[in-house]
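In: Structure of the sequence below:
(chains A and B)
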Amino acid sequence: MSGQHSDRVVTEPFDDQLGTPFAPHSDETVATMLAAIGVDDIEDLFDIPSSVQFDGEFGIPSSSEQAVSRKLGDVLQTNDSAVSFLGRGHYQHAVPSLVDHLSLRSEFLTSYTQYQPEVSQGFLQALFEYQSLLVELTGLAVANCSMYDAATALGEAATLSQRARSIDGSRVLVPSYVRSEYRSILDNYVSGTDLTVDIIQTTEGMVDPDALSAQMDDDVAMVYVENPTVEGVIEEHLSTVGSLTDEHGALFCLGSDTVALSLLERPADVGADVVVGDASVLGLPASHGMGLGLFACREEFLRQVPGRLVGASTDEAGARTYTLTLQTREQHIRRERATSNICTNQAWIALRSAIHAGMLGPQGLLSLAEQCHRRAESLATEIDEFDGISAPARDCHHFREFVATVDSDAGDVATALQERGYIVHALDEDRLQICVTDANDHAVNGFLDAVSEVVV
Amino acid sequence: MIGDQRQALWNDAASDGHEPLLSEKDSTTVSTADSALPEGLTRDSVELPALSEPELARHYTRLSQMNYSIDTGPYPLGSCTMKYNPTFVEDIASRPAAATHPDQPEETVQGTLQVYHELQDYLGRIGGMDAVSLQPPAGAAGEFTGILVTRAYHEHNGEGDVRNEVVVPASAHGTNFASAALAGYDVVELPPAEDGRVDIEALQSAVGSETAALMLTNPNTLGLFERRIEEIADIVHDAGGLLYYDGANLNALLGRARPGDMGFDVMHYNVHKTFATPHGGGGPGAGPVGVTDELAPFLPAPRVRKMSDRATTNGAGDKIEYELFDPERSIGKVHGAMGNWLVLLKTHAYISRLGDEGLHDASAKAVLNANYLGAQIDLDIPFGPFHHEFVASAGDRDAADFAKAMLDHGVHPPTTKWPEIVSEALMTEPTEAESKRTLDQLATAFDAVQNADDETIDNAPTTTSARRIDQTEAARHPRLSWHALDD
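Out: Model prediction:
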């Protein structure tokens, strides 16, 4: 356990001659530099009034690289190694080794935002290709090169509805199934606008066309719907949502992800105006919810898009090149009138995601998506064989995950599964949610045995 | 560049560009007809490049060679703090045990929560703040969070409707303005005094009963320490406002001064700037927020705490030492989970490596390097004494042109044309990571460009993967995907 290590302070003073490992000057060099500046001591360069100088210690010991790696490794090892059957918006697919090896090339990893495009063509082209992937998957003409995650992308979509001249209303409608985190972020993002957020009631985990129709009026600015939903339901009424939003001059914002988009209805075909979601389903292993916010929209909203856009141009030699473009939308130029405050985004994960998608290719992407559907349905069918549990709880098509109902307390069932090395969601007293992908498929047999033991 | 060294340029006979787009190498359409799903629930087909693993390996390797990075050479972008990124932190972040799901029960992620807890604590000590949230996924998200906390505080005091202004110095980062506006505030711009610092009289007339906060970075974007910071804090606090610290320039102060001790109530940290997490060509970063005890109840949910009564065990017999909790009057969420976890893990590793001694030395060398470089170049630096960065003027030259010409000397140029208080600004921050030899190389590049003839400047850059790029064309005729390219 980590306790015995973390209590022991490992102080390994740095070499006096060379200073800290990442700030390399010998004492002689420092003296030469100070002489060139014309001061005697580095401390003379600081212009901090004594009343606010800090003379204390942080109490953080310096450690060798090996000691830090060992200590943090030990700490992380205290995480349970149980197999996760968790999903609900945070999904894991097997990431090929090449994604790590290429993305960790320091030319990519240690570069900054491409403010000097002439020396940053490589990253810009990769981001252009990432945007192209999203354009292909959504059918929408514009995709930015990332938001923080799915939830903040949803928040940004709502503020876009306020800026778009073609959109009037002041209400944002979100389905009852949205994660509380999404709702909370949405509330924060619209808090500086006149927008309010209302709930759409759903039936069997899907949009109820009649109920939505009754809620729609010209004061609705945006309707958000997920496909697949956070419960793994493949939505069957997208075109209806598209017609209703069109009729009432509201924005149709669809939540999805890059794997699901490869197979399920194309957003442009069902009338979606904006697509948000998580693109880190490709390229990023489970990272405690760290994500890659997907954001794509119709061309008419181009000038209102939040975040960075890479565009093609030509250079003086006439060659095709790439550059960040339409920067007058952004905070460093437009300041308080910018389309968003976002600056640093998730570009490196976009690179990883593009590499992963490239390795899958169209056939691989489609197969992965098809497996997300078939694995979930097949696991639900197998689970349904056991007494004490029935699955899927909803009569619909599923993607990656499904809800199951149990006769005994769902929390107790989840705890019992955890003791056997498997983690699932307990949604309430009666319902579990179970997610299966290529990342945990290898453990399905053991999982089924465990389920059969704990539900009876 | 020296001699005929050039940045890589890959010519492919099949393309007019440098390295063909993936879509120019292959385009394959695959139908969804074989799906088990009903036809009405699927798209028709998907059209994407189908390439082999070796082809992709070569594609991205070539792209990487057409990309400048901190491991390629100096990157003295002012206020961006592009310092060397130690590689050992990547090894830690890629450990399988770090690959946790945000919905895992607390007892199964004790290691993850311990890292969060220790980092909250470290950052609190470094900034002189009582409580820290690690949730904001970038600096600008940290600003937005800090401003939401500020607003919640005023609302709690019944002043939410009255205090509707945020005061921001003219030279502040663009995100300050945008973050305050996103939270619904009117932004009041504060003009600088002649010495480049906050104009105390202007501040006095700008703040009042409508002021929610003053956002400040210290040292400011000119590298100058706001000497009258305590007076500034008193003015803002006397008016009932809060003082917000933009952590972009914290690298200058590590171990020497702390925002909390200067009177700041809320701050964000930019971990890719101060704590060397790689910027990854535009992120991910992390923008933790620190606050005083008074503001702690408003921080985002959840935070992590160590159980006071030692470890307890749950029903399954697992030890629980660290737990999540929601602050009493939390503003809610600013990220879908708990922020950019892997970036935070790298931050912890960097701080643990340096410790007190290393952090204190980082600010010393950062300020030494900036002052040494400033002393080596001939350009006018109107404001001082500066710390970690200085703003030189390109004089008669256009700063953007000056920057392009520097590229031909194998170095990345400074931030240009900002802050506007210096005409044709070259905002330069070498960081502590550069050796004297590299600083001399940078100084040579500055001087060479200053003394270059107009033709050389106009033609620059010539040794880079791309020649000067037409920005107007890119914006007038946006082509944002390979679908939009005419063929």
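
In: which residues touch the closest residue to B:Lys346 other than its chain neighbours?
Out: Nearest non-adjacent residue to B:Lys346, counting by C-beta to C-beta, 6 or more residues apart in numbering or on different chains: B:Val89, 4.0 Å away. No exception for glycine: its C-beta is placed from N, CA and C like everyone else's. Neighbouring residues of B:Val89 by C-beta atoms under 8 Å, 6 or more residues apart in numbering or on different chains: B:276-277, B:345-346, B:349-350.

In: got the phi/psi numbers for B:Val89?
Out: Main-chain dihedrals, B:Val89, degrees, to the nearest 10: phi -70, psi -30.

In: go on, the one 10 residues further on?
Out: Comment: the main-chain dihedrals of B:Ala99 come out as phi -90, psi 70, following degrees, to the nearest 10.

In: same deal with B:Ala362?
Out: Dihedral angles of B:Ala362 (phi, psi; degrees, to the nearest 10) stand at phi -60, psi -50.

In: who's in contact with the closest residue to it other than its chain neighbours?
Out: Nearest residue to B:Ala362 in three dimensions, chain neighbours excluded: B:Glu432, at 4.9 Å (C-beta to C-beta, 6+ apart). Residues near B:Glu432 by C-beta under 8 Å, 6+ apart: A:20, A:22-23, B:83, B:251, B:361-366, B:368-369.

In: mind checking the SS state of whichever residue of chain A sits closest to chain B?
Out: Going by C-beta to the nearest C-beta, chain B is nearest to A:Gly289 of chain A, at 2.1 Å. Here A:Gly289 is coil, with the state taken from DSSP: H, G, I helix; E, B strand; the rest coil.

In: What number of neighbouring residues does it come out with?
Out: Residues lying near A:Gly289 (other C-beta atoms under 10 Å in any protein chain shown) number 23.

In: That one contacts B:Gly336, doesn't it?
Out: Yes. Counting by C-beta atoms under 8 Å, A:Gly289 does reach B:Gly336; the two are 6.1 Å apart.

In: Need the overlap of contacts for these two.
Out: Common neighbours of A:Gly289 and B:Gly336, using C-beta under 8 Å, 6+ apart, are A:90, A:149.

In: What residues does the stretch 151-300 of chain A have near chain B?
Out: For the stretch 151-300 of chain A, the residues in contact with chain B (C-beta under 8 Å from any C-beta of the partner chain) are A:151-152, A:159, A:179, A:181-182, A:184-185, A:187-189, A:191-193, A:234, A:236, A:262-266, A:269, A:285-291.

In: how about low-confidence regions in chain A?
Out: Low-confidence segments of chain A (pLDDT under 70): A:1-13, A:15-19.

In: what's the domain layout of it?
Out: According to automatic domain parsing, chain A comprises the domains A:3-77, A:83-93+A:362-455, A:97-354.

In: Rebuild the ones you listed as a markdown table, extending it with distance to B:Tyr244.
Out: Below are the domains of chain A laid out as a markdown table (distance: least, C-beta to C-beta, whole Å):
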| stretch | distance to B:Tyr244 |
| --- | --- |
| domain A:3-77 | 17 |
| domain A:83-93+A:362-455 | 32 |
| domain A:97-354 | 14 |
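
In: out of these, deepest packed?
Out: Among the domains of chain A, domain A:97-354 has the highest mean neighbour count (mean count of other C-beta atoms under 10 Å in any protein chain shown), at a mean of 23.

In: show me where the stretch 151-300 of chain B has helices.
Out: Taking DSSP state H, counting those that start in this stretch as the test, the helices found in the stretch 151-300 of chain B are B:174-182, B:200-206, B:229-238, B:259-262, B:271-274.

In: Averaged pLDDT, the third one. What do you get?
Out: What it means is helix B:229-238. Per-region confidence: helix B:229-238 scores 98 on mean pLDDT.

In: Show me which positions of that helix end up buried.
Out: Burial within helix B:229-238, assessed by neighbour count using 16 or more other C-beta atoms under 10 Å in any protein chain shown, is assigned to B:229, B:232-233, B:235-236.

In: In terms of distance to B:Glu39, which of those residues ranks first?
Out: Within the buried residues of helix B:229-238, the smallest distance to B:Glu39 is 63.4 Å, found for B:Val236 (C-beta to C-beta).

In: Could you report the distance from that closest one to B:Thr150?
Out: Relative to B:Thr150, B:Val236 is positioned 11 Å away (C-beta to C-beta, to the nearest Å).

In: and for those two, which residues touch both?
Out: B:213, B:242.

In: List the contacts of the spatially most central residue of chain A.
Out: The centroid of chain A falls nearest to A:Gly291 when counting by C-alpha atoms, centre = their mean (2.4 Å). Applying C-beta under 8 Å, 6+ apart, we find A:Gly291 in contact with A:90, A:148-150, A:278-280, A:284, A:346, A:349, B:336-337.

In: Now distance to A:Leu365 too, for these, in CSV please.
Out: Formatted as CSV, the contacts of A:Gly291 follow (distance: C-beta to C-beta, whole Å):
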residue, distance to A:Leu365
A:His90, 20
A:Tyr148, 24
A:Asp149, 21
A:Ala150, 19
A:Asp278, 15
A:Ala279, 12
A:Ser280, 15
A:Leu284, 16
A:Gln346, 20
A:Ile349, 17
B:Gly336, 24
B:Ala337, 25
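
In: wait, is B:Glu118 part of a helix?
Out: Yes. Under three-state DSSP, B:Glu118 falls within a helix.

In: How about it: what's its closest non-neighbour residue?
Out: B:His348 (6.4 Å).

In: now do A:Gly307
Out: Spatially, and ignoring its direct neighbours in sequence, A:Gly307 is nearest to A:Asn144 (4.0 Å; C-beta to C-beta, 6+ apart).

In: contacting residues for A:Ile434?
Out: Shown in contact with A:Ile434 (C-beta under 8 Å, 6+ apart): A:85, A:379-380, A:383, A:391, A:401-402, A:404, A:424-425.

In: List phi and psi for the residue of chain B found nearest chain A.
Out: Per C-beta to the nearest C-beta, B:Ala337 is where chain B lies closest to chain A, at 2.1 Å. The phi/psi pair for B:Ala337 (degrees, to the nearest 10) reads phi -130, psi -120.

In: ok, how many other residues are close to it?
Out: Residues contacting B:Ala337 under the criterion other C-beta under 10 Å number 23.

In: swap in the one 4 residues further on?
Out: Using other C-beta under 10 Å, B:Trp341 has 26 other residues around it.

In: That one contacts A:Gly289, correct?
Out: Yes. In this structure B:Trp341 lies within contact range of A:Gly289 using C-beta under 8 Å: 6.8 Å.

In: Within reach of chain A, which of the buried residues of helix B:229-238 are there?
Out: Within the set of these, contact with chain A (C-beta under 8 Å from any C-beta) is found for B:Ile229.

In: which of the buried residues of helix B:229-238 lies closest to B:Gln376?
Out: Nearest member of these to B:Gln376, counting by C-beta to C-beta, is B:Ile229, at 30.1 Å.

In: Let me see the contact set for the nearest residue to that closest one once chain neighbours are set aside.
Out: Spatial nearest neighbour of B:Ile229, excluding adjacent residues (C-beta to C-beta, 6+ apart): B:Met262 at 4.7 Å. Going by C-beta under 8 Å, 6+ apart, B:Met262 touches A:52, B:218, B:229-230, B:233, B:245.
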